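*Asks:* Pasting the sequence and the predicted model now:
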Amino acid sequence: MQIAFIVGHFPRLSETFILNQVTGLIDRGHQVDIFSEYDGDWDQVHPDVERYALRQHTYRLHPVPQNYIWRSLIGLWLLLTRFPKAPGLLLRSFNPFEHGMYAVGLWTLYGAVSLIDRGCLQYDIVHCQFGTQGHRGWFLQRLMPSTTKLIVMFRGHDISSYIQDKKQDFYADLFEAADACLTNCDFFRQRLIKLGCPPEKASVHYSGLDVSKFTCQPRQPEAGNTVNLVTTGRLVEKKGIEYAIRAVALQKQNFPNIRYYIIGDGHLKDSFTNLIQELNAETYIHLLGWKNEAEIIEVLNTCHLFIAPSVTASDGNQDAPVNVLKEAMAMGLPVISTYHGGIPELVEDEISGLLVPERDAEALATKLGYLLEHTKDWSNMGKAGRSFVENNFDLQRLNDKLVSRYEKLLERNRGELADDHVYVSQALLK
């Protein structure tokens, strides 16, 4: 299969879930091109970006100016310079009877230019990795043969904070056009349906984890030794790290040998630094900054408990089952998290970890205290977490399932074409 991924940025270290799908499809013999709406960060890339030579398969979607006059002037120049390469495609992109307001708004023209610059005018699958890029992917797909299938993946931000200031039916035409709409948890699937997506088109496809990279080991503290707590995540509001800092500070007087390490970077770094100073916690709460995957695994190997205190951000942004939680559970770490977004679909309360309400530092401190007092529970929690991740979030199984989704969509199309052929043949015989 020839597959086009439509993304916001590529490459991006925080979006390994996209990279994992790209490499998984390539490993299975498929051709993947990546169309990125914005420039990625080529200075810091995951090793697989180089290993799979993905720079050679990454292309920019041509930017569409917001100002219509400027968009028209640039569009005219693009038309004149690309016309000799694909006149038929460009003329189709202007057809208002086929594309309606998207032709008038020149969106399909800019889509055609992106395909022409790539040198490939047809794919079997157009897979938009976020709802925010769904329309741009659709503008590409509608210029291709009718056999090309459109899949749109919604991951949370695109159906929460992104659409707060937009109309309730913002995605209505996209829901109608898409052959399948995916979400990374059932919590978001239900939200997608409330926004108007037909239930039969909405399915859950979890983000996978290469479980083989993570060694599971039982966690038990040695008497009198330090107990290491850890959080991994961007230093942004929805990660709820403020509440974990306060919870650890509350338990410090009861458990003087705890240390808390926070891995990640973000715009709240200074705020957290100030909070740690206000709590006189500099000696036992440490901001470690950004680290790569190997460095994160190294830190997690030295830790005993993982805290993921996600909250609903003020703009409505929420988390699915986050990869850092999966990684911690795959390594046998008992976890403390929150009743938030899709996290309860990953963490089974009192089985693989403990869940508390959002933004409740005292409840978080209480559960932390419970685990620090009941260290014999850690081993069973760690084993349960590892087993759950293996059974539900294994990357290889999920990539096989993704290929199967593609094949079923294409097979359905072949079946429809065959039915049409039989219908036409019978009509000719009459």
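*Replies:* In hand now; what should we look at?

*Asks:* where does this protein dip in pLDDT?
*Replies:* Scanning the chain for pLDDT under 70 picks out 413-430.

*Asks:* swap the cut-off to 50 and go again
*Replies:* 417-430 (pLDDT under 50).

*Asks:* domains for it, by residue range?
*Replies:* 2-60+122-208+397-422, 211-391 (automatic domain parsing).

*Asks:* Let me know the helix or strand that residue 196 is in.
*Replies:* Under DSSP states H and E, no helix or strand contains residue 196.

*Asks:* Hmm, residue 266 and residue 234 touching each other?
*Replies:* Yes: look at residue 234 against residue 266 with CB atoms under 8 Å: they come within range, at 4.4 Å. Quick note: C-beta positions are derived from backbone N, CA and C, even for glycine.

*Asks:* for residue 211, what are its contacts?
*Replies:* 330, 389, 390, 393, 394, 395 (CB atoms under 8 Å, 6 or more residues apart in numbering).

*Asks:* what about the last one, distance to residue 52?
*Replies:* Read it as residue 395. From residue 395 over to residue 52 the distance is 15 Å, taken as CB to CB, to the nearest Å.

*Asks:* Could I get the full set of helices for the stretch 101-250 of the chain?
*Replies:* Remark: helices assigned in the stretch 101-250 of the chain by DSSP state H, counting those that start in this stretch are 101-104, 107-118, 134-141, 172-177, 186-194, 241-252.

*Asks:* contacts for the fifth one?
*Replies:* Outside helix 186-194, the residues within contact range by CB under 8 Å, 6+ apart are 154-156, 159-160, 181, 183, 199, 202-204, 318, 320, 341-342, 345.

*Asks:* Quick check: of the residues you listed, which lies closest to residue 216?
*Replies:* residue 345 (20.6 Å; CB to CB).

*Asks:* got the contact list for that closest one?
*Replies:* Shown in contact with residue 345 (CB under 8 Å, 6+ apart): 185, 186, 187, 321.

*Asks:* Just put those in JSON lines and tack on distance to residue 40 and neighbour count.
*Replies:* As requested, these are exported to JSON lines (distance: CB to CB, whole Å; neighbours: other CB atoms under 10 Å):
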{"residue": "185", "distance to residue 40": "25", "neighbour count": "24"}
{"residue": "186", "distance to residue 40": "30", "neighbour count": "16"}
{"residue": "187", "distance to residue 40": "28", "neighbour count": "21"}
{"residue": "321", "distance to residue 40": "25", "neighbour count": "24"}
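
*Asks:* Could you export those to CSV, including columns for distance to residue 379?
*Replies:* CSV is the format used below for the contacts of residue 345 (distance: CB to CB, whole Å):
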residue, distance to residue 379
185, 28
186, 29
187, 30
321, 23
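
*Asks:* can you tell me which two in the residues you listed are farthest apart?
*Replies:* Farthest pair in these, by CB to CB: 186 and 321, 10.1 Å.

*Asks:* Next, show the common contact partners of the two.
*Replies:* 342, 345.

*Asks:* before we move on, the earlier item: ok, residue 395 and residue 52, which is more surrounded?
*Replies:* Per other CB atoms under 10 Å, whichever of residue 395 and residue 52 has more neighbours is residue 395, with 21 against 17.

*Asks:* contacting residues around residue 2?
*Replies:* Applying CB under 8 Å, 6+ apart, the residues near residue 2 are 30, 31, 33, 120, 122, 123, 124, 125.

*Asks:* Please list all residues in contact with the first one.
*Replies:* Neighbouring residues of residue 30 by CB under 8 Å, 6+ apart: 1, 2, 3, 403.

*Asks:* Go through the helices of the stretch 101-250 of the chain and name the closest to residue 21.
*Replies:* Residue 21 lies closest to helix 134-141 among the helices of the stretch 101-250 of the chain, at 14.8 Å (CB to CB).

*Asks:* Pretty sure residue 64 sits against residue 72.
*Replies:* No: using CB under 8 Å, residue 64 is not in contact with residue 72; the gap is 11.2 Å.

*Asks:* picking that back up, now the domains of the chain as CSV including distance to residue 88?
*Replies:* Below are the domains of the chain laid out as CSV (distance: least, CB to CB, whole Å):
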stretch, distance to residue 88
domain 2-60+122-208+397-422, 10
domain 211-391, 42
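
*Asks:* how about those, which one is nearest residue 105?
*Replies:* With CB to CB as the criterion, residue 105 lies closest to domain 2-60+122-208+397-422 of those, at 9.8 Å.

*Asks:* chain center to the closest one, what's the gap?
*Replies:* From the chain centre to the centre of domain 2-60+122-208+397-422 is a distance of 11 Å (CA atoms, centre = their mean, to the nearest Å).
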